[in-house]
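Asker: Sequence below, structure please.
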Amino acid sequence: MSKIAFVFPGQGAQYTGMAKDFYESFPVSRQVFQTASEASGLDVRALCFEEEDRLNITEYTQIAMLTAEIAMLRALEETGIHSQVNAGLSLGEYGALIASGVMKEKDAFEVVRKRGIYMQEAYPTGGAMSAVLGTDAGLIEKVCEETEGIVSVANYNCPGQIVITGEEKAVSAAGEALKEAGARRVIPLKVSGPFHCELLKGAGEKLGQALEAVELQPFSIPYVTNVTAGYVTKPDSVKELLVRQAFSSVRWQQCVEAMIRDGVDTFVEIGPGKTLTGFLKKIDRSVKALHVEKAEDLETVRKECL
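Answerer: This is a model prediction of the structure:
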């Protein structure tokens, strides 16, 4: 019997039309869009299916991505597929928390709408992020520490792919130093802020205030947090972890490795694109990597998992 993990991607994979076939085919998915619209005060259906100009702006991207992911999740659950652990990359953690029964959809949508705004406003200009390919984490950490200004690791995605973040000048300088030190490529990313570094601490503090009003439920399924790459089974620590996550490194590779050590042999990525599936193949090719992005994917996953 497979041990299944549901994993949810973060922003960057969004596109106009995501989850549209789920919305059209599944009443449970339409209800997710309705709940998200009521909680956020936005027409999330139009945002996901029509409004390409706003979809790539962080304050709108995050609520749109989460809605699409949960619309897909609810349709998947109706097929009888369930997970034994959940995780998400950055924003995707909110999908994992909904899947784990800790956070109600309405509360998650309200918080994520605010999270997007806080992160957009926290450092509107002068920040940058770059993907560093083909070198080890230790060297990247050392170069970041030695570079003048604020620059640090944002994401440990998979072997050979780490993202750095911080002040634009510092990220550029660290990138040049890494290329000189042998990094295969350093690719500046088109992002609207220096996410997951100390420049976002103010956004994390505001997020903490927004989370104060949220009543968390007992875990029905554990999840693995980005901050420590450890299992979380008690709701008491969730709010603090979500606050820290806004300005801490995302330890995605370590999260996946922790789940594999615990016996997970099947990962189902739920959401737009195949970003996490790609990372998984570089982390451990021996485990099964599935994804749900289109309604037709449900039957494939059902056959593989049941």
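Asker: Show me what counts as buried in the helix ranked longest in the chain.
Answerer: Longest helix in the chain by number of residues (criterion: DSSP state H): helix 58-78. By 16 or more other C-beta atoms under 10 Å, the buried positions in helix 58-78 come out as 58-76. C-beta: built from backbone N, CA, C; applies to glycine.
Asker: after that helix, next one along is what?
Answerer: Next in sequence after helix 58-78, counting helices and strands by DSSP states H and E, comes strand 85-88.
Asker: Please save the CA atoms from that following strand in PDB.
Answerer: Backbone C-alpha positions of strand 85-88 (Å, rounded to 0.1, in the frame of the first residue of the first chain) are rendered in PDB as follows:
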ATOM      1  CA  VAL A  85       1.100  13.700   5.100                       C
ATOM      2  CA  ASN A  86       0.900  17.100   3.400                       C
ATOM      3  CA  ALA A  87       3.400  19.800   2.600                       C
ATOM      4  CA  GLY A  88       3.600  22.900   0.500                       C
END
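Asker: Contacts only, for Met18.
Answerer: Contact analysis of Met18 by C-beta atoms under 8 Å, 6 or more residues apart in numbering lists 48, 64-65, 68, 272, 293.
Asker: what two of the residues you listed are the furthest from one another?
Answerer: Ala64 and Glu293 (14.7 Å; C-beta to C-beta).
Asker: before we move on, the earlier item: got the contacts of Met18 as CSV, with pLDDT columns?
Answerer: Output for the contacts of Met18, formatted as CSV (pLDDT from 0 to 100):
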residue, pLDDT
Cys48, 97
Ala64, 97
Met65, 97
Ala68, 98
Pro272, 97
Glu293, 98
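Asker: any chance of these in CSV, plus distance to Pro159?
Answerer: Written out in CSV, the entries for the contacts of Met18 read as follows (distance: C-beta to C-beta, whole Å):
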residue, distance to Pro159
Cys48, 33
Ala64, 30
Met65, 26
Ala68, 28
Pro272, 24
Glu293, 24
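Asker: Can you tell me which of those residues is closest to Tyr223?
Answerer: Of all the contacts of Met18, the one with the least separation from Tyr223 (C-beta to C-beta) is Met65, at 17.5 Å.
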